[in-house]
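> got a predicted structure here, sequence first:
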Amino acid sequence: MGVSSRNPTGRCAGGVGSVAKRRLQDEDKCDEIFDELVKLRTQIAKNAGFDNYLEYIFRQKCRFDYTPADCVKFHDAIESEIMPPCARSRRNAARR
């Protein structure tokens, strides 16, 4: 999307609210797809001899700058600090 499609406020011409509303329409389907992805990744890891996908993917990607524990800590921080405002924003968008 180019600069010409933006309004003076910097938001997309279609409006942020319309995107959020559209995503909410498919929320259940997206949840189903995500749940299936988690199951598949878990099975891939187990088939490769790992207890979980995190251990598997760390080995596959040769991660060495940070540990799986660092990732869990980061995930927990996102869960506690970022997700609550996002959830409020989604609820507000759904009410509009």
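In hand now; what should we look at? Numbering: from 1, shown residues only.
> can you give the domain ranges for the chain?
By the assignment in automatic domain parsing, the chain contains the domains 24-62, 66-96.
> Ser18: which of these is closest?
Using Cβ to Cβ as the criterion, the shortest distance between Ser18 and the domains of the chain is 9.1 Å, found for domain 66-96. Yep, even glycine has a C-beta here, placed from its N, CA and C like the rest.
> endpoints of that closest one, how far apart?
Across its full length, domain 66-96 reaches 42 Å end to end, with Cα to Cα, to the nearest Å as the criterion.
> what kind of secondary structure is the residue nearest the centre of the chain in?
When the chain is reduced to its mean C-alpha position, the closest residue under Cα atoms, centre = their mean turns out to be Phe34, at 9.5 Å. Three-state call for Phe34 (DSSP: H, G, I helix; E, B strand; the rest coil): helix.
> hang on, the earlier thing: save the domains of the chain as CSV, and put in mean pLDDT and distance to Ser18 too.
Putting the domains of the chain into CSV (pLDDT from 0 to 100; distance: least, Cβ to Cβ, whole Å) gives the following:
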stretch, mean pLDDT, distance to Ser18
domain 24-62, 93, 11
domain 66-96, 90, 9
